[in-house]
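Trainee: using only what follows, build the 3D model:
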Amino acid sequence: MPGIVSSSAAPVLFKAACPECQARFELSAGSLRLAIGASRRTTFYSFTCPECGSAVRKPAGERIVELLTGGGVRTLRLHSTV
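Mentor: You can find the predicted model right below:
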């Protein structure tokens, strides 16, 4: 689960970890993407690991969505086709 590291003068940074190489690091809002779908399965955040270059996709519950949107992460709303 990402956490927020913040101070009044510095940009918001999010703590993250890579499931491939196990590295832990901080990412800016511009390094993350949030997709909000109609279900838990289709709501996730993603980033590229700065250590190994792996594309990482992790589920995002309500609290994570709040943290990421509040921190300025670009959000994509997914719409279902009927």
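
Trainee: how many neighbours does the nearest residue to Ala23 once chain neighbours are set aside have?
Mentor: Of all residues beyond its chain neighbours, the one nearest Ala23 is Glu51 (3.9 Å), with distances taken as C-beta to C-beta, 6 or more residues apart in numbering. Every residue, glycine included, has its C-beta placed from N, CA and C. Other residues within reach of Glu51, judged by other C-beta atoms under 10 Å, total 13.

Trainee: measure Glu51 to Ala38 for me?
Mentor: With the distance defined as C-beta to C-beta, to the nearest Å, Glu51 ends up 33 Å from Ala38.

Trainee: contacting residues for the residue nearest to Ala23?
Mentor: Applying C-beta atoms under 8 Å, 6 or more residues apart in numbering, we find Glu51 in contact with Cys18, Cys21, Ala23, Phe25.

Trainee: how about the last one, nearest residue that isn't a chain neighbour?
Mentor: Closest residue in space to Phe25, ignoring its immediate chain neighbours: Pro50 at 5.8 Å, by C-beta to C-beta, 6+ apart.

Trainee: so for the one you found, what's the pLDDT?
Mentor: Pro50 is assigned 97 on the pLDDT scale.

Trainee: can you confirm it is in a strand?
Mentor: No: assessed by DSSP: H, G, I helix; E, B strand; the rest coil, Pro50 does not belong to a strand; its assignment is coil.
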